[in-house]
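Peer 1: pasting a predicted model and its sequence here:
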Amino acid sequence: MSWILIVGFGLLLALWLFQALRKMDRRVLMRSLRWIVGGVAALAALTGLLLRRIDIAMILGAVAASVLLRGRLGQFSFDQVSGGGGNISKVRSRFLAMELDHDTGELSGRVVDGQFAGWDLMDLDEYETRTLIIEIRHDAESVNLLESWLDTNRAGWREYFAEQEAGGGQAGETSFGDAADPVAEAYAVLGLKPGASPEEIRAAHRELMKAVHPDRGGSEFLAVKINEARDLLLERAGRD
């Protein structure tokens, strides 16, 4: 009878522990498990030394060091907390599908309808992004999702688009058409007229980078565009 009570108590304890672990934050759980496994392995290694089992002590010591210092046990990582997608949110609109990884903050997206259906948003260049904005402008939910993705992955895009339209003295679809010519766009980015010399290109690049360089709190997106414009125009000038 006493064994039945012990087994029953053990089952109840196991059930309670299982429910508690399910409700526990996965980050805390994995961190605790890392220290428990590493600590047990370290104690076992120390016991092996005391018992003069050097071979076992070396193996368990290596396990303890890997777990405690690197957070890994073979291919298993104690820092992997995604847990099969449990920390990923998925949102879908008519034109776009988005996934937000809460652990890393990474926001990924793809186009599910329209002329860019099947494209990853990361693969769209500026002209294609502008074209997509025009295509989905009547669907507010898709517009909001795209703007969220751009804010996360293309910092400074609003200011850049506004500067491009204001600098060209045109707005709307005309400015989108200009972006189809990469050389004309490169001159516009650097604020130069066609035919500028390599010295003028480098000088314009230096002045613009002083204001937008990411290391000085500027826009990474604008810095990339300015660098691309310089490289394109210098390469073109070298062929002429």
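Peer 2: It's in. Residues are numbered from 1 along each chain as shown.

Peer 1: neighbours of residue 143, how many?
Peer 2: The number of residues packed around residue 143, counting by other Cβ atoms under 10 Å, is 16. (Glycine included, C-beta is placed from N, CA and C.)

Peer 1: got it, and residue 91?
Peer 2: Once other Cβ under 10 Å is used to define contacts, residue 91 is seen to have 15 neighbours.

Peer 1: so which helix or strand takes in the residue lying closest to it once chain neighbours are set aside?
Peer 2: The shortest distance from residue 91 to any residue other than its chain neighbours is 4.7 Å, reached at residue 98 (Cβ to Cβ, 6 or more residues apart in numbering). Secondary structure here is read from DSSP states H and E; on that basis residue 98 sits in strand 96-101.

Peer 1: check residue 187 too.
Peer 2: Assigned by DSSP H and E, residue 187 belongs to helix 182-190.

Peer 1: please point out which parts of that helix sit buried.
Peer 2: When neighbours are counted by 16 or more other Cβ atoms under 10 Å, the buried residues of helix 182-190 are found to be 182, 185-190.

Peer 1: do the same with stretch 109-122
Peer 2: Here stretch 109-122 shows 109-114, 116, 119, 121 as buried, counting by 16+ other Cβ under 10 Å.

Peer 1: nearest to residue 129 among those residues?
Peer 2: Minimum separation from residue 129 among the buried residues of stretch 109-122 (Cβ to Cβ) is found for residue 121, which lies at 8.0 Å.

Peer 1: so which of the buried residues of stretch 109-122 comes closest to residue 70?
Peer 2: For those, the closest approach to residue 70 (Cβ to Cβ) belongs to residue 109, at 33.2 Å.
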